[in-house]
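**Q** need a 3D model of the sequence below.
(one chain, ligands or ions: 1)
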Amino acid sequence: MTIMFNKHRPEPLDDEPGNERIRFSDLDAGYPGRPVLRQLGAHIPSLAMTALVGPNGSGKSTLLGVLAGVIVPTSGRLQYAAGRPPAFVPQRGAVGDALPLTARQTVEMGRWGERGLWRPPTRRDRTAVDSAMDRLGVAGLADRQLGELSGGQRQRVLIAQGLAQQSDLLLLDEPTTGLDPEARERITALLTELVADGTTVVQATHDLEAARSADACLLLSDGRLLGQGPPEHVLTPAALSRIWQPA
Ligand SMILES: Nc1ncnc2c1ncn2[C@@H]1O[C@H](COP(=O)(O)OP(=O)(O)OP(=O)(O)O)[C@@H](O)[C@H]1O
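**A** Take a look at the predicted model:
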């Protein structure tokens, strides 16, 4: 399983207007020999839900990886308002089914960044894990193997791992993709509650319904930013048909 903690020292915002959690400008990023993001400039509003939207391969996961600090931009500026390092919940498909981990062990991994890999868990760690599992309704699955859980259950365990990191900035890669409507609704409602409780949430999503209910959207196409702002301004029929028109 890839568990990604932000190890880099983030650059602080030079002026703190109070409503921006992350700001980036002229950002280029990608993989060796594969540039993806090109000259992106935008901000992530504080205490709000932001949806990253765009077709397959447009760069949503890459941008999340950059915001999480696990992909280093090749150029540009990336600044964070004061706060905890981000918690990153990767795509469910990126997590191996065959790993011999229980649901609880998976959530406990969320504490590694804070406590270090080899130190025994403290009471604070156990409380953080218990409370994240309760909140996601997965406490009853604690001893079940991750690989034998349903897609929705596994997704909730992964979000609990993110919550156990006790960050005020939660980044999620397609948290509702491939789930049935009930599981989707449950996760969407939980993310909305987290925002109300003071967390800034960013999710990459293919789910236009979820994107329309976000506070802000960044619309990506081919590694470029086509629009940012409230969903009703960004996800217009013209913009959507332009990027999703059949080849
Ligand atoms: N580890 C990697 N190494 C090389 N190229 C990669 C890697 N991961 C992604 N890419 C490429 O980078 C581009 C952007 O991928 P990314 O996963 O960011 O897009 P996405 O919008 O999240 O797509 P999807 O909706 O399919 O998840 C794609 O062309 C992809 O093939």
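**Q** rest of the way, CA atoms for contacts and neighbours
**A** Fine.
**Q** would you mind listing what in the chain touches the ligand?
**A** Residues of the chain that fall close to the ligand, judged by Cα under 6 Å from any ligand atom: 31, 34, 36, 54-62.
**Q** please redo it, this time with the cut-off set to 8 Å
**A** Contact residues (Cα under 8 Å from any ligand atom) of the chain with the ligand: 30-37, 53-63, 173-174, 204-206, 220, 222-223.
**Q** what about Gly54, how many residues close to it?
**A** Using other Cα atoms under 10 Å, Gly54 has 25 other residues around it.
**Q** mind listing what's buried along the longest helix that the chain contains?
**A** If you go by DSSP state H, the chain has its longest helix at helix 181-196. The neighbour-count check on helix 181-196 (16 or more other Cα atoms under 10 Å) flags 183-184, 187-188, 190-192, 194-195 as buried.
**Q** next structured bit after that helix?
**A** strand 200-204 (DSSP states H and E).
**Q** which residues of this protein score low on pLDDT?
**A** The chain contains residues with pLDDT under 70 at 1-10, 14-18, 93-98, 114-118, 246-247.
**Q** care to break it down by domain?
**A** When the chain is parsed with the TED database, its domains come out as 20-86+168-178+199-246, 92-166.
**Q** run through the helices of this protein in chain order.
**A** Here the chain has its helices, by DSSP H, at 60-68, 103-108, 112-115, 123-135, 151-164, 181-196, 208-212, 231-234, 237-244.
**Q** need the winner for burial among these.
**A** helix 151-164 (a mean of 26; mean count of other Cα atoms under 10 Å).
**Q** what angle separates it from helix 123-135?
**A** If you take axes from the mean of the first three to the mean of the last three Cα atoms, to 10 degrees, helix 151-164 sits at 150 degrees to helix 123-135.
**Q** packing partners of helix 151-164?
**A** Identification of packing neighbours for helix 151-164 by 3 or more Cα pairs under 8 Å, 6 or more residues apart in numbering; DSSP states H and E yields strand 87-89, helix 103-108, helix 123-135, helix 181-196.
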